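In: what's the 3D shape of this:
(2 chains)
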Amino acid sequence: AQRVTQPEKLLSVFKGAPVELKCNYSYSGSPELFWYVQYSRQRLQLLLRHISRESIKGFTADLNKGETSFHLKKPFAQEEDSAMYYCALSGLGTYKYIFGTGTRLKVLA
Amino acid sequence: EAGVAQSPRYKIIEKRQSVAFWCNPISGHATLYWYQQILGQGPKLLIQFQNNGVVDDSQLPKDRFSAERLKGVDSTLKIQPAKLEDSAVYLCASSFKAGDSTGELFFGEGSRLTVL
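Out: Okay, here's the model as predicted:
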């Protein structure tokens, strides 16, 4: 079965602390993994995708096929990082996306 | 470039009434998605269109939900009759302009439905 699991509903960290948002997936084929973010009063938007292997707003995520994980990391959290983060999966070439339940990140001053 | 437009933003109805949501995707985007997001959950795919054809509607409750995308541009999602459990935000997303292989979904602001 195709599934995306985000075990934490809420993650609170202090400004300047490292952040790791967990994402595990279950997929039988070749997956593409994404992180989407929703800031307060804004629409859901793409943060990064594993294929690009890029750092966006200081965030990185590495696809670990052995552990079927795609955790989102940032070494030093900023207050503006406070938002709802969703991990998403798509089968390569299928254009069908499955979302996790989301993790709310709160960065405290 | 204008984003994905949705209307209405908010709708309150009583159970057993009907409601329709409209979505205008980004110009040139061939693929259009309707997602249902219940409070505290992630977006759940209801239906996916490629141009004006349905690619996947396996999770659409067809006894009460219907969707169409005439002419491969705008789309309408209808619920008739509504149930209490249909209270959710209905998100429209579009993607895949010709030549674009990034896989990025562009979302609208959503239509929040409350069924009383």
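
In: alpha carbons only for contacts and neighbour counts from here, please
Out: Noted.

In: OK, contacts around A:Met84?
Out: A:Val37, A:Gln38, A:Tyr39, A:Gly102, A:Thr103, A:Arg104, A:Leu105 (Cα atoms under 8 Å, 6 or more residues apart in numbering or on different chains).

In: and the residues you listed as a markdown table, adding pLDDT and neighbour count?
Out: A markdown table is the format used below for the contacts of A:Met84 (pLDDT from 0 to 100; neighbours: other Cα atoms under 10 Å in any protein chain shown):
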| residue | pLDDT | neighbour count |
| --- | --- | --- |
| A:Val37 | 97 | 22 |
| A:Gln38 | 95 | 18 |
| A:Tyr39 | 96 | 15 |
| A:Gly102 | 97 | 29 |
| A:Thr103 | 98 | 24 |
| A:Arg104 | 97 | 20 |
| A:Leu105 | 98 | 22 |
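
In: out of those, which is nearest to chain B?
Out: A:Gly102 (6.0 Å; Cα to the nearest Cα).

In: please tell me how far the closest one sits from B:Ile47.
Out: 21 Å (Cα to Cα, to the nearest Å).

In: in chain A, which residue sits closest to chain B?
Out: Checked against chain B (Cα to the nearest Cα), the nearest residue in chain A is A:Thr101, 4.0 Å away.

In: what's the burial count for the closest residue in space to A:Arg3 that isn't next to it in sequence?
Out: In space, and not counting its chain neighbours, A:Arg3 is closest to A:Ser26: 5.0 Å by Cα to Cα, 6 or more residues apart in numbering or on different chains. Neighbour count for A:Ser26, taken as other Cα atoms under 10 Å in any protein chain shown: 14.

In: then A:Leu72?
Out: 20.

In: now B:Lys71
Out: Residues lying near B:Lys71 (other Cα under 10 Å) number 10.

In: A:Ile51 too?
Out: 12.

In: how about A:Lys15?
Out: By other Cα under 10 Å, 17 other residues sit near A:Lys15.

In: contacts only, for it.
Out: A:Lys15 sits next to A:Phe76, A:Ala77, A:Gln78, A:Glu79, A:Val107, A:Leu108, A:Ala109 when contact means Cα under 8 Å, 6+ apart.

In: against A:Met84, how distant is it?
Out: Taking Cα to Cα, one finds A:Lys15 at 17 Å from A:Met84.

In: same thing with B:Asn52?
Out: B:Asn52 is 32 Å from A:Met84, by Cα to Cα.

In: three-state assignment of whichever residue of chain B sits closest to chain A?
Out: With Cα to the nearest Cα as the measure, B:Gly42 is the residue of chain B nearest to chain A, at 4.0 Å. Put simply, B:Gly42 is coil when judged by DSSP: H, G, I helix; E, B strand; the rest coil.
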